[in-house]
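Visitor: pasting the structure only:
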Ligand SMILES: CC(C)(COP(=O)(O)OP(=O)(O)OC[C@H]1O[C@@H](n2cnc3c(N)ncnc32)[C@H](O[C@H]2O[C@H](COP(=O)(O)OP(=O)(O)OP(=O)(O)O)[C@@H](O)[C@H]2O)[C@@H]1O)[C@@H](O)C(=O)NCCC(=O)NCCS
Ligand SMILES: Nc1ncnc2[nH]cnc12
């Protein structure tokens, strides 16, 4: 897939914008409000995405030069620091990692094969997490208490939430006669129902994660039955704000899913 990496890096930026603008999304920043993120605004997240965009172009260049994983990790660390300094937020910390890892994995597989790509993600993640890491982070605290493996578990397993949950949910909804509008929410529902989101756990403990999962299952059912799923999500947004609940991991994985579907052409096909 080496020749596709510059295009993939652009699609990874596109995916993050699509995630940001998808409205409503309970607890998350969207076009209506900042959800449970009092420190964030739409504008601040857009500023952060400029940094993500420059970073992904640099990672693609670094891979084209044949540089080692250590070089791409340095770019990720620098992008995290730039985001904090220039946008005053860590809102795309997870996405900097996930999107960078997918690009790196793309450089290791000969063709666009999701099984091979997933295996390459897992191998790279093993090398990445074999090195010492900054501690403590919210995610490491959750990992140490054995509540969930968060982003680390997701990466080591080769992005099961992308390849085994979100993409099949989108494709199944299209195959049964749905459209891009319904398939996107089927995908969000599946992610909410399945992701081990360490940000939900960090903010609201096990009960918070259980709420997100239950809402994901309800969303999937509403999409299936063509109920008022947008009304449901708007109502849940108010409930999440009242509890300070959010789902940053789900947001990042949704962005990654948008990006991959844009890259394969399925997103545009589903809109036609
Ligand atoms: C390896 C690192 C990414 C560090 O990971 P770690 O787990 O140690 O640290 P976290 O601080 O928890 O960051 C991980 C972020 O990943 C997202 N996430 C959570 N669960 C999952 C999941 N199951 N699957 C995938 N992704 C997941 C999540 O990101 C989103 O939430 C962020 C906001 O969360 P938080 O910081 O906790 O913020 P608040 O709730 O506001 O907390 P407080 O202010 O109250 O404290 C937001 O960023 C979303 O994107 C997790 O936050 C990394 O440190 C690393 O090494 N990076 C540099 C290397 C790199 O990126 N290289 C790339 C090239 S390979
Ligand atoms: N839309 C969003 N709101 C809050 N945090 C996020 N992290 C990634 N996307 C996000």
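Guide: That came through fine. Just so we're clear, the structure is a prediction, and the values are computed from it rather than from any experiment. Ligands and ions are numbered 1, 2, ... in the order given.
Visitor: Could you give the number of residues near residue 141?
Guide: 15 (other Cβ atoms under 10 Å). (Each C-beta comes from the backbone N, C-alpha and C, glycine too.)
Visitor: so who does it touch?
Guide: By Cβ atoms under 8 Å, 6 or more residues apart in numbering, the contact set of residue 141 is residue 202.
Visitor: Point me to the helix or strand that includes it.
Guide: Following DSSP states H and E, the helix or strand that holds residue 141 is helix 138-144.
Visitor: next SSE after that helix?
Guide: helix 150-156.
Visitor: Check whether that following helix comes into contact with ligand 2.
Guide: No: using Cβ under 6 Å from any ligand atom, helix 150-156 stays clear of ligand 2, with a minimum separation of 11.9 Å.
Visitor: Now the element after that helix, going C-ward?
Guide: Remark: after helix 150-156, the chain's next helix or strand is helix 160, criterion DSSP H and E.
Visitor: Show me what that next one is in contact with.
Guide: 118, 154.
Visitor: which SSE is residue 240 in?
Guide: Taking DSSP H and E as the definition, residue 240 sits inside helix 229-243.
Visitor: Show me the contact partners of that helix.
Guide: By Cβ under 8 Å, 6+ apart, helix 229-243 touches 24-27, 32-33, 35-36, 185, 204, 208, 211, 215, 218-219, 222-223, 245-246.
Visitor: In the helix or strand following it, which residues are buried?
Guide: Note on helix 229-243: by DSSP H and E, the next helix or strand toward the C-terminus is helix 248-264. Buried residues in helix 248-264, counted by 16 or more other Cβ atoms under 10 Å: 248-263.
Visitor: Packing partners of helix 248-264?
Guide: On a contact count with 3 or more Cβ pairs under 8 Å, 6 or more residues apart in numbering; DSSP states H and E, helix 248-264 meets helix 5-21, helix 93-106, helix 150-156, helix 167-175, helix 180-194, helix 198-225, helix 266-271.
Visitor: Any idea which of these gets closest to ligand 1?
Guide: With Cβ to the nearest ligand atom as the measure, helix 93-106 is the member of these nearest ligand 1 (2.6 Å).
Visitor: coming back round to it: the helices and strands packed on helix 248-264: which one's closest to residue 133?
Guide: helix 150-156 (8.9 Å; Cβ to Cβ).
Visitor: could you give the mean pLDDT of that closest one?
Guide: For helix 150-156, mean pLDDT rounds to 95.
Visitor: Could you list every helix and strand that that helix packs against?
Guide: The contact analysis (3+ Cβ pairs under 8 Å, 6+ apart) places helix 150-156 against helix 93-106, helix 114-130, helix 138-144, helix 198-225, helix 248-264.
Visitor: tilt between the longest one and helix 248-264?
Guide: Spelled out, that is helix 198-225. For helix 198-225 against helix 248-264, the angle by axes from the mean of the first three to the mean of the last three Cα atoms, to 10 degrees is 60 degrees.
Visitor: and the stretch 151-272 of the chain, which of its residues are near ligand 2?
Guide: Counting by Cβ under 6 Å from any ligand atom, the stretch 151-272 of the chain comes close to ligand 2 at 248, 251, 252.
Visitor: what's the closest of these to ligand 2?
Guide: The closest of those to ligand 2 turns out to be residue 251 (Cβ to the nearest ligand atom; 3.5 Å).
Visitor: And that closest one, what's its pLDDT?
Guide: Turning to residue 251, the model gives it a pLDDT of 98.
Visitor: Repeat that for residue 268.
Guide: At residue 268, the model reports a pLDDT of 89.
Visitor: for residue 207, same thing?
Guide: According to the prediction, residue 207 has pLDDT 96.
Visitor: and if you look at the one 4 residues further on?
Guide: Model confidence at residue 211, expressed as pLDDT, equals 98.
Visitor: what's it in contact with, if anything?
Guide: Per Cβ under 8 Å, 6+ apart, neighbours of residue 211: 200, 204, 243, 245.
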